[in-house]
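Asks: Got a sequence here, can you build the structure:
(one chain, ligands or ions: 1)
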Amino acid sequence: MASSSSLMLLTIALLISSFMVASAGNFNQDFKITWGDGRANILNDGQLLTLSLDKASGSGFESQNEYLFGKIDMQLKLVAGNSAGTVTAYYLKSEGSTWDEIDFEFLGNLSGDPYILHTNIFSQGKGNREQQFYLWFDPTADFHTYSILWNPQRIVFSVDGTPIREFKNQESKGVPFLKSQAMRIHSSLWNADDWATRGGLVKTDWSAAPFTASYRNFNAEACIWSSGASSCSSTSTNNGGWLSQELDSTSQERMRWVQKNYMIYNYCADVKRFPQGLPVECSTS
Ligand SMILES: *[C@@H]1O[C@H](CO)[C@@H](O)[C@H](O)[C@H]1NC(C)=O
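Replies: Numbering: from 1, shown residues only. Predicted structure coming up:
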């Protein structure tokens, strides 16, 4: 009797935990396709999403939920081969004219030439905070994890767990921080051959279309915003969790390694662009 009831409890616990794992990242539940007229597809029972682009149209999706802070991971496999002119954008964005936004954009290239990972941060409708990187692997050969940690103190962009960029809350210096507008996750695959590849010099090769990018293993530990209130997933699992997470010294060292070896543009170093002086958040101290 005792053993059969504990077996029952174990079975229930296993059912609950497998349900939670399954619901942690299901594209059917967590996202909706927003445009592309059949060019975006959710496959394998919600475990895989693909976007495609051809001469007539690109495609895109967005999250059902709006988030106000979170640690959001997604695995992407980018358009392979000659992807020049294509852009895969993956970003968080709020609504309205003074929106907040956190961007990853992947600019395609000719076969064998490197993608550019373009990043930007908008607070209250103002961006101009671009940083660009090459990657230390071929992002079209396999899935890689692109993460955004967004908490009240900082925004960290990471690739396969390696931080590449940190934007700290510097409200004390008068720099608006992203902290009061909930954002949805958005992604789209579109044609930008008027600017993306060396300023529009290389055109999209439509004979290689349709172009396809794939997504899997979405995971969000986050605060979900709904009818004016926020509810957060447990943050107590690792030292207070993501809501107060900062970069330890090892992570900072790895970020310096990426920035030293793979960063190809940094607005904070572009003195020509800001003749009146670099933006306030660029001074480190
Ligand atoms: C494409 O490859 C060229 C040559 O390596 C490089 O200069 C450029 O930054 C790459 N990316 C884009 C988007 O043009």
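Asks: Apart from its chain neighbours, what residue comes closest to the residue in the stretch 101-250 of the chain positioned nearest to the ligand?
Replies: Closest to the ligand within the stretch 101-250 of the chain is residue 113: 3.3 Å, counting by Cβ to the nearest ligand atom. C-beta coordinates here come from the backbone N, C-alpha and C atoms, glycine included. Counting by Cβ to Cβ, 6 or more residues apart in numbering, residue 84 is the residue found nearest to residue 113 once chain neighbours are left out, at 7.8 Å.
Asks: quick one: the closest residue to residue 167 other than its chain neighbours and residue 210, what's the gap?
Replies: Among residues not flanking residue 167 along the chain, residue 155 sits closest, at 4.4 Å (Cβ to Cβ, 6+ apart). Residue 155 sits 33 Å away from residue 210, going by Cβ to Cβ, to the nearest Å.
Asks: Those two: which is more packed in?
Replies: residue 155 (21 against 17; other Cβ atoms under 10 Å).
Asks: Quick check: bridge partners of the more buried one?
Replies: residue 150, residue 167 (DSSP bridges).
Asks: How about residue 265?
Replies: The partner residues for residue 265, given DSSP bridges, come to residue 132.
Asks: Please look at it and residue 120 and confirm they touch.
Replies: No: here residue 265 does not reach residue 120: they are 10.9 Å apart, not a contact under Cβ atoms under 8 Å.
Asks: So for these two, which residue has more residues nearby?
Replies: Neighbours were counted for residue 265 and for residue 120 using other Cβ under 10 Å; residue 120 has more, 18 against 13.
Asks: so that one sits in a strand?
Replies: Yes: under DSSP: H, G, I helix; E, B strand; the rest coil, residue 120 falls within a strand.
Asks: secondary structure class for the nearest residue to it once chain neighbours are set aside?
Replies: If the residues on either side of it in the chain are set aside, residue 120 comes closest to residue 103, at 4.4 Å by Cβ to Cβ, 6+ apart. Put simply, residue 103 is strand when judged by three-state DSSP.
Asks: In terms of pLDDT, where does residue 103 sit?
Replies: Looking at residue 103, its pLDDT reads 98.
Asks: and if you look at residue 22?
Replies: Looking at residue 22, the pLDDT reads 34.
Asks: need the residues of the stretch 101-250 of the chain near the ligand, please.
Replies: Within the stretch 101-250 of the chain, the residues that sit near the ligand (Cβ under 6 Å from any ligand atom) are 107, 109, 113, 114, 116, 196, 197, 198.
Asks: ok, 8 Å please
Replies: 107-110, 113-116, 134, 196-198, 202 (Cβ under 8 Å from any ligand atom).
Asks: wait, residue 105 sits on residue 89?
Replies: Yes: Residue 105 is within contact range of residue 89, at 4.8 Å (criterion: Cβ under 8 Å).
Asks: hang on, the residue nearest to residue 113 packs against residue 108?
Replies: Yes: in this structure residue 84 lies within contact range of residue 108 using Cβ under 8 Å: 5.4 Å.
Asks: who's more crowded, those two?
Replies: residue 108 (31 against 22).
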